[in-house]
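Undergrad: Give the three-dimensional model of this entry:
(chains A and B)
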Amino acid sequence: MKTPKRYLITAALPYANGLKHIGHLAGAYLPADIYVRYLKAQKRDVVFVCGSDEHGTAIPIQATKEGTTAQAIIDKYHPIIEQNFKDLGIAFDIYHRTSDPLHHETAAAFFSNLEAKGDLETKTTEQYFDETANTFLADRYIKGTCPSCGNNEAYGDQCEKCGKTLSPEELINPVSTLSGKAPIKKSTTHWYLPLNRHEDFLRDWIIKEHSDDWRPAVVGQCKSWIDGGLQPRAVTRDLDWGIKVPIKGAEGKVLYVWFDAPIGYISATKQWAINNNKDWSPYWNDKETKLVHFIGKDNIVFHCIIFPVMLHLNGHILPENVPANEFMNLEGDKMSTSKGWSIEMEDYINKWIKKENGGEALADCLRFYLTSIAPESKDSEFTWKGFQDAVNGELVSIFANFINRTWVLMHKLCNGKVPPIHQDLLDSEDLAIMQAVKDTTAKVTELLEQYKFRDAQFEVINLARLGNQYMQKKEPWIVAKQIGTDPHAQAKIDNCMHACLQLSANLAILIHPFLPFTAKKMCHLMKVVDKMLEWENAGSFNLLKVGYSLRAPELLFRKIEDEEIAAELAQLQANAAAKKTTMENTSNETESTGPNPLKPEIVFDDFAKIDLRVGTIIEAKKVEKADKLLELLVDLGFEQRTILSGIAMHFNPEDIVGKQVTIVANLAPRKMRGIESKGMILMAEDAAGKLYFVNPTEGIAPGSAIS
RNA sequence: GGCGAGGUAGCUCAGUUGGUUAGAGCACAGGAUUCAUAACCCUGAGGUCUGGAGUUCAAAUCUCCAUCUCGCUACCA
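TA: Numbers count the residues shown, from 1 in each chain, chains lettered A, B, ... in the order given. This next block holds a predicted model:
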């Protein structure tokens, strides 16, 4: 494999609306950091870019929540997130931000170029508009009842209660969060990226070129998207928070956040180049640059489909690989900040690293465990017990213990100096351990090149294990007792300890990408400079000079105590319970003020237009290929008609036959799943989202009018 | 419902183009040892490879059906 001339490594831009948790860390930032540290140890030309994603509607929303401005929100979270990464040893070459003028300029120019080349289309559509606030409403600014779970606090893009992705049109009784009034539809023009034009390009690039070297989940997901047919995707929005669309007549419009965010990688590179007096251009334009995006699986479509099309159209290079990770769960459930079921990086830093008995070693402990359970091929699970086991059982017992016993013995039996090597006494064990170092180096290198960080780290730990085995066979502490009787005793000890020390130096090099703080501490113990950690030194048994005196032993890690684990588990439960109470209180509040704000007043004539009738369900069956739809045959006395209703999740078809219900009888017919629905069944819904039929208390004749 | 990825020892995961008694690490049990953070080292037990059918001399591996988990997507007047 030819070594690329230079590398550009990106990690997904964290969204600056709140703290980020360890799932994010394990998914993108940690693997990226390991890879970058390895490349740098190889003395490759590499730039590692990241930054805060600060646009999009969720930022102003969060501002409203916290009672402040959007600018204040990003100014609050950007530095916190940046510092969190630093504390955990994630060493970006630049951590930029998309609110920076350089990014605005870069993204606007990107858009203008595509627009000028005719690579974008415009389309006019109807969007929700708030007449009071005189503005179009972004998805997030529309609230309503979730059609899926009945939560009446659902946003236009997602219901936070059930997690369902929504579009504003799906919301029942949509209401503007700005004015509290029902929005109207108004037409607006937007720019679209016609992905459909580029299906062949994507198919050639992904399926033909990368189906072997990309992860199966990534290729599978892409194939699924491409085969399903790509649609033009809006790249602009009606919003005032973001990058202004650089076109006359586009006032009040900004670039859609997903369009501007990935361009953030480019502007971050530019800023890095300015800071370091370099040229950014080859990193994005020279074919000999290897571009790798580290992301979580939720980002696959953006980094493998949309952004590559943008890059392609703008003449840039394409990513060589996009090693997306799956998700990391926590103690049996999905991680969720809003549900309190997560471990924020900030929390871990405060509770473990910044404690008296903490320190950087605890940052490495987290890095170690997260890498050992990295969700590289499937979702994985973080448990506090697992964290304790991994740290105590492998990091402490195998790795750190080997270093410690080596140091202690070396001071006891070799005066704290690197002992000489006696060639004539070298035996097969000595040769085997030397070979093992070379083998492990080769394995780790290969695994890292393939983005298999979990396996690579395991190999390093395993080398420490081999070291323990080697020392056990050699038993220098026993040999020491024979110094009076065996003339070769000291020489044997020297050989063993020399090997253990050289092995320790190799372990420092190999563990460095994974546990940078630990590697540094090992350098301190060995009294060597960081330069020793360069990858080309791995495999060598000449890293420490004979006669060089080393520092006194010092523990690399402390053990994780049972009480600490119990405390974390209790804390987690408490957080979740607290959030739950908050959420319930919130929904209670909304209940007391009315679950939905009252709709605007109407006159009697408006009401009289609605023809409500009592009907009896005489047949009910599930609509095929639909999870939520029931097909009902309703008797209205004068006729029977088919009505579809999205209640399949709440009722069994056989249970509702014979029920009397209230029907909107003069509603315009509507086709769903190929079946025409002639009317609508009225349902009442309680705070818990449970549905109830609205019906007369006693059975009356079908078709009876309601007024 | 469609698509994608998974389902292998109690736990976390490997299993290359189908080929001898299915592997590793934790955890567990027994032994040995004391240089080391009750650490290390050795040995052992533990799996009808989600279920079923098929192709084959031979299936964890290929095909089909079922089932469960995760993600994307459709459906909600």
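
Undergrad: And what about A:K355, helix, strand or coil?
TA: Applying DSSP: H, G, I helix; E, B strand; the rest coil to A:K355 yields a three-state assignment of coil.

Undergrad: could you pull out the helices for the stretch 1-150 of chain A?
TA: Ranges of helices in the stretch 1-150 of chain A, per DSSP state H, counting those that start in this stretch, are A:22-24, A:30-41, A:58-66, A:70-87, A:101-116.

Undergrad: These into JSON lines, with extra columns for mean neighbour count, mean pLDDT and distance to A:G340?
TA: Heads up, the C-betas are built off the backbone N, CA and C, glycines and all. Output for the helices of the stretch 1-150 of chain A, formatted as JSON lines (neighbours: other C-beta atoms under 10 Å; pLDDT from 0 to 100; distance: least, C-beta to C-beta, whole Å):
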{"stretch": "helix A:22-24", "mean neighbour count": "24", "mean pLDDT": "90", "distance to A:G340": "14"}
{"stretch": "helix A:30-41", "mean neighbour count": "24", "mean pLDDT": "95", "distance to A:G340": "23"}
{"stretch": "helix A:58-66", "mean neighbour count": "19", "mean pLDDT": "82", "distance to A:G340": "16"}
{"stretch": "helix A:70-87", "mean neighbour count": "19", "mean pLDDT": "95", "distance to A:G340": "18"}
{"stretch": "helix A:101-116", "mean neighbour count": "18", "mean pLDDT": "96", "distance to A:G340": "33"}
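
Undergrad: can you tell which of these is closest to RNA strand B?
TA: Among the helices of the stretch 1-150 of chain A, the nearest to RNA strand B by C-beta to the nearest atom of the strand is helix A:22-24 (11.9 Å).

Undergrad: so how far is the closest one from its chain's centroid?
TA: Mean-position distance between helix A:22-24 and its chain equals 6 Å (C-alpha atoms, centre = their mean, to the nearest Å).

Undergrad: And for stretch A:241-251?
TA: Here stretch A:241-251 is found 30 Å from its chain centre; the criterion is C-alpha atoms, centre = their mean.

Undergrad: Span of it from start to end?
TA: Terminal residues of stretch A:241-251 are spaced 12 Å apart (C-alpha to C-alpha, to the nearest Å).

Undergrad: Could you pull up the mean pLDDT of that stretch?
TA: On average, the pLDDT along stretch A:241-251 is 90.

Undergrad: and A:P308, what pLDDT?
TA: For A:P308, the model assigns a pLDDT of 93.

Undergrad: Could you report the neighbour count for A:L202?
TA: Close neighbours of A:L202, defined as other C-beta atoms under 10 Å, add up to 21.

Undergrad: Enumerate every residue touching it.
TA: Going by C-beta atoms under 8 Å, 6 or more residues apart in numbering, A:L202 touches A:222, A:226, A:230, A:305, A:308-309.

Undergrad: Does the host helix or strand of it reach RNA strand B?
TA: Element membership of A:L202, judged by DSSP states H and E, is helix A:199-202. No: against RNA strand B, helix A:199-202 shows no contacts by C-beta under 7 Å from any atom of the strand, the least distance being 14.6 Å.

Undergrad: Contacts made by the helix or strand following that helix with the rest, please.
TA: Per DSSP H and E, the first helix or strand lying C-terminal to helix A:199-202 is helix A:209-210. Residues from elsewhere that reach helix A:209-210 (C-beta under 8 Å, 6+ apart): A:219, A:321.

Undergrad: and helix A:209-210, anywhere near RNA strand B?
TA: No: Helix A:209-210 stays clear of RNA strand B (C-beta under 7 Å from any atom of the strand), getting no nearer than 13.5 Å.
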